[in-house]
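Engineer: Here is my input, please return the structure:
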Amino acid sequence: MLEHSLHNDQLPEPTLAELAARLAPVGLNAWGIADGAPWQDILPGCRSVLVLGSGGPTLWQALNDAVRADQGLLDGHLHPLDDFVARAIAEADPSPPPYRRWLRCAGDEAQQIDFRSLAQAAGLGHPSRLGLLLHPEYGPWLGLRAACFSQEDVRPTGPLRGLGPCLNCPAPCMCACPGNAVPAASWGRFSILKCSAFRKISTPCRIGCDARRACPEGAQHAYDALELHYHQDKRSGRVAWRRSLRT
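Structural biologist: Predicted coordinates:
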């Protein structure tokens, strides 16, 4: 039982599953529940964590639709997509009770956590050669966006069983990576250093990722060139995106 009380004239707080359902239409359409026990530093008494991701281009499309309807949403926002997620959460859960705490996977979040390991624990994907989680439906086209830490006791949905699709894959991602950042073995680690160094001298790698596009998992959910540019290069990607909204 939750240690909180409701006045007779109050509606019950939404459950974690209800919060996930409220946020799915805006593109936070991939979710899972992780065990909350390891996250007592985030929320004392935490028992469950709702982890939210955006699979495919749905969140991007929702952002574009919102901005085209109200250009004022761009005013003063350095990170429009992150701010869009924050507004969606605030609308879905306007007054979080004291037994819940939200954190976004965003650079301006006050407390940073390892969202990749948290999402893996929630069953949102397997580790991959690309350093990204491979979602069962969306493959590498999954963005980790937010987590709700709660004292509610909800059964975890992960981690996923097995070793994931990289194990028996011929690794077209490795061949497609011009910076040699993708390991040959499925248990190898993606090299952030090699990737970062090559992106400094390669415009195609700065605005896109051939290795990610080469992955056969969830290929039908791949981002278009503009969305990928937005995520790959914060400065030029946002300029290109804003320019596209004026056309």
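
Engineer: now this protein, which segments are flagged as low pLDDT?
Structural biologist: By pLDDT under 70, the weakly predicted segments of the chain are 1-11, 247.

Engineer: if we go to 50?
Structural biologist: Low-confidence segments of the chain, defined by pLDDT under 50: 1-9.

Engineer: what residue lies at the spatial centre of it?
Structural biologist: Against the mean C-alpha coordinate of the chain, by Cα atoms, centre = their mean, the closest residue is Leu144 at 1.3 Å.

Engineer: I'd say it and Ala106 touch.
Structural biologist: No. With contacts counted by Cβ atoms under 8 Å, Leu144 stays clear of Ala106, the gap being 10.0 Å. All C-beta spots, glycine's among them, are computed from the backbone N, C-alpha and C.

Engineer: for this structure, what spans make up the strands?
Structural biologist: 30-35, 48-55, 100-104, 142-150 (DSSP state E).

Engineer: what's Ala66 in contact with, if anything?
Structural biologist: Ala66 is in contact with 73, 84, counting by Cβ atoms under 8 Å, 6 or more residues apart in numbering.

Engineer: How many residues are close by Leu130?
Structural biologist: By other Cβ atoms under 10 Å, the residues close to Leu130 number 25.

Engineer: about what we covered before: any idea which of the strands of the chain gets closest to Pro165?
Structural biologist: Closest of the strands of the chain to Pro165 is strand 142-150, at 13.5 Å (criterion: Cβ to Cβ).

Engineer: what's that closest one packed up against?
Structural biologist: Taking 3 or more Cβ pairs under 8 Å, 6 or more residues apart in numbering; DSSP states H and E as contact, the helices and strands that strand 142-150 lies on are helix 16-23, strand 48-55, helix 80-92, strand 100-104, helix 115-121.

Engineer: With that, I have no additional questions.
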